[in-house]
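Peer 1: Just need the structure, nothing else, for what follows:
(2 chains)
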Amino acid sequence: MVGGSLFLSILVLLISFSVLAYAILAFAHVRITDADMSELERLRQEGVLPTEARLVEDFRLVHEKLSEIAPAVYLRQEFWLQIYFHLLRLARWARRGTAVAEMLDRELLRLSAYQAQHYRVALTRLEALRNPSF
Amino acid sequence: MSVSLAIWITVCLANGVAFLATFRRGLDRGLIWLRWYFALAIFGNLCTHFSLLHYGYRSAQYKYAYYGADLAIVVLGYFVLARLVELAFEKSSLKLPGLRTGAILLFTGLAACSVALVYMLRGGFATSYLGLEMEQNFSFLGMLLAILLFVGMNLMQVPGVRFRRVVLSFSLLYSSGAIAYSLAAILPVLGVAIRYYAVPLTSLAGMGLIAYSLWVPEPERQPRVARAAERGLQPAQEATW
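Peer 2: Next up, the predicted model:
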């Protein structure tokens, strides 16, 4: 028992549960947090995405383009990304005009960058299929 | 085969896989420290199991082995975390002077407090009370350290999925450990079941996640210099973090 106090032990228990929940969610989410943001810029420079950044449209465009080539290169789009995308949009709409909306915008941008990374992988694989190096 | 033996074998296997994973090529320099951690975990598990077989569940030797091994793993994990903090911020602008001294002082202070509390409350140093108190306190401290490290890495934008996952696995390991020990303290009637089943399962979850984090290849990322060159910038002009 923490310091012989039941209250402290319960407090430790509650904090530990919160941290455990956070750690589990963050473990799943860490790939998005670490997304390479420069990938979106690269796609803009290559003309795949329009020069003007648009959060929702960029994600959709990359998703569509990825859908076209993903099956050919044995890449499976993660289904939860779509759900998370719609959830973020809903939250953004509900909290528009607040500081939280900015945070959600950043998250949407990271999500697009993560999707763009997948698209890059698909493009690389497609290139390897077209020009195999033996 | 009993359930506890099955859990023990699974935990040992997870530890073995994680230990082997530390020999993978291209692992971050700091993560090689985990090799010692897993070697100790395997050794501790073997000691506990053989003391159980030789001396029995109610023997003092089993208690020493059980609490001693668990505590040694928790404490070494705490120092591995301190080392990960150092390495995570090594290349960032954040300087952490006296980190090692601070970690040692924190560790010593917490150990001394735990010992003093057990002596005041119980009038002696019974192995199980001392072991439970120290494990609960160190699990709680490790959990806070791991989560603070993760938040710090996010704020400083330190790259590396694998590194973050390892830190989060430690957080998960320690938080689930703190939950188990807190439950054992609040509901002593569940003590045996928690020690038999819950603690090995928390260990299995944590070690399994660390093993997974080490095995899964890190997503390829363009080097900063190459990214900067592509945009026609000098590396120094690139966005700082």
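
Peer 1: just the strands in chain A please.
Peer 2: Ranges of strands in chain A, per DSSP state E: none exist.

Peer 1: Packing partners of the lowest-mean-pLDDT helix or strand in it?
Peer 2: Least confident element among the helices and strands of chain A, by mean pLDDT, DSSP states H and E: helix A:6-33 (a mean of 84). If you count contacts as 3 or more Cβ pairs under 8 Å, 6 or more residues apart in numbering or on different chains; DSSP states H and E, helix A:6-33 packs onto helix A:99-130, helix B:127-155, helix B:161-186. Every residue, glycine included, has its C-beta placed from N, CA and C.

Peer 1: Same list (the ones you listed) but as TSV, adding distance to B:Ala198.
Peer 2: Shown next, in TSV, are the helices and strands packed on helix A:6-33 (distance: least, Cβ to Cβ, whole Å):
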stretch	distance to B:Ala198
helix A:99-130	35
helix B:127-155	12
helix B:161-186	4
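
Peer 1: Quick one, grab the pLDDT at the most centrally placed residue in chain A.
Peer 2: Centroid-nearest residue in chain A: A:Leu111, 3.0 Å away (criterion: Cα atoms, centre = their mean). If you check A:Leu111, the pLDDT there is 89.

Peer 1: measure it to B:Arg83 for me?
Peer 2: 33 Å (Cβ to Cβ, to the nearest Å).

Peer 1: Show me the shaky parts of chain B.
Peer 2: Along chain B, the model assigns pLDDT under 70 to residues B:1, B:91-96, B:219-241.

Peer 1: all helices of chain B, in order?
Peer 2: With helices called from DSSP state H, chain B shows them at B:3-21, B:33-55, B:60-88, B:99-122, B:127-155, B:161-186, B:191-193, B:199-215, B:224-230.

Peer 1: Checking the shortest one against chain A, do any of its residues make contact.
Peer 2: No - contact of helix B:191-193 with chain A (Cβ under 8 Å from any Cβ of the partner chain) is absent, the minimum separation being 11.6 Å.

Peer 1: buried ones in that helix?
Peer 2: Judged by neighbour count (16 or more other Cβ atoms under 10 Å in any protein chain shown), helix B:191-193 contains no buried residues.

Peer 1: tell me which strands and helices it is in contact with?
Peer 2: Judged by 3+ Cβ pairs under 8 Å, 6+ apart, helix B:191-193 has no packing partners among the helices and strands.

Peer 1: Go ahead and measure how far that helix is from the middle of the chain.
Peer 2: 22 Å (Cα atoms, centre = their mean, to the nearest Å).

Peer 1: hmm, who's touching it?
Peer 2: The contact list for helix B:191-193 (Cβ atoms under 8 Å, 6 or more residues apart in numbering or on different chains) reads B:Ala184.

Peer 1: buried ones in stretch B:35-55?
Peer 2: Neighbour counts over stretch B:35-55 (16+ other Cβ under 10 Å) mark B:Arg35, B:Tyr37, B:Phe38, B:Leu40, B:Ala41, B:Gly44, B:Asn45, B:Cys47, B:Thr48, B:His49, B:Ser51, B:Leu52 as buried.

Peer 1: now those residues in CSV, with distance to B:Tyr67?
Peer 2: Formatted as CSV, the buried residues of stretch B:35-55 follow (distance: Cβ to Cβ, whole Å):
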residue, distance to B:Tyr67
B:Arg35, 24
B:Tyr37, 18
B:Phe38, 20
B:Leu40, 15
B:Ala41, 15
B:Gly44, 11
B:Asn45, 14
B:Cys47, 12
B:Thr48, 9
B:His49, 15
B:Ser51, 11
B:Leu52, 13
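
Peer 1: Dump those residues into a markdown table; add distance to chain A as well.
Peer 2: A markdown table is the format used below for those (distance: Cβ to the nearest Cβ, whole Å):
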| residue | distance to chain A |
| --- | --- |
| B:Arg35 | 22 |
| B:Tyr37 | 18 |
| B:Phe38 | 19 |
| B:Leu40 | 23 |
| B:Ala41 | 19 |
| B:Gly44 | 22 |
| B:Asn45 | 23 |
| B:Cys47 | 27 |
| B:Thr48 | 24 |
| B:His49 | 27 |
| B:Ser51 | 26 |
| B:Leu52 | 26 |
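
Peer 1: ranking the helices of chain B by burial, who's on top?
Peer 2: With neighbours taken as mean count of other Cβ atoms under 10 Å in any protein chain shown, the helices of chain B reach their highest mean count in helix B:161-186, at a mean of 25.

Peer 1: Flag every residue of chain B that's near chain A.
Peer 2: B:117, B:120-121, B:133, B:136-137, B:139-140, B:143-144, B:146-147, B:150, B:154, B:159-161, B:164-165, B:168-169, B:171-172, B:175-176, B:178-179, B:182-183, B:185-186, B:209, B:219-222, B:227, B:230-231.

Peer 1: now do 6 Å
Peer 2: For chain B, the residues found near chain A under the criterion Cβ under 6 Å from any Cβ of the partner chain are B:117, B:121, B:140, B:143, B:147, B:161, B:164-165, B:168, B:171-172, B:175-176, B:178-179, B:182, B:185-186, B:221, B:227.

Peer 1: re the thing from before, nearest to A:Val30, out of the helices and strands packed on helix A:6-33?
Peer 2: For those, the distance to A:Val30 is smallest for helix B:161-186, at 4.8 Å, taking Cβ to Cβ.

Peer 1: Show me how far the closest one is from its chain's centre.
Peer 2: On the basis of Cα atoms, centre = their mean, helix B:161-186 sits 8 Å off its chain's mean C-alpha point.

Peer 1: Also stretch A:8-16?
Peer 2: Using Cα atoms, centre = their mean, the offset of stretch A:8-16 from its chain centre is 32 Å.

Peer 1: Kindly report the same for stretch B:128-145.
Peer 2: Using Cα atoms, centre = their mean, the offset of stretch B:128-145 from its chain centre is 12 Å.
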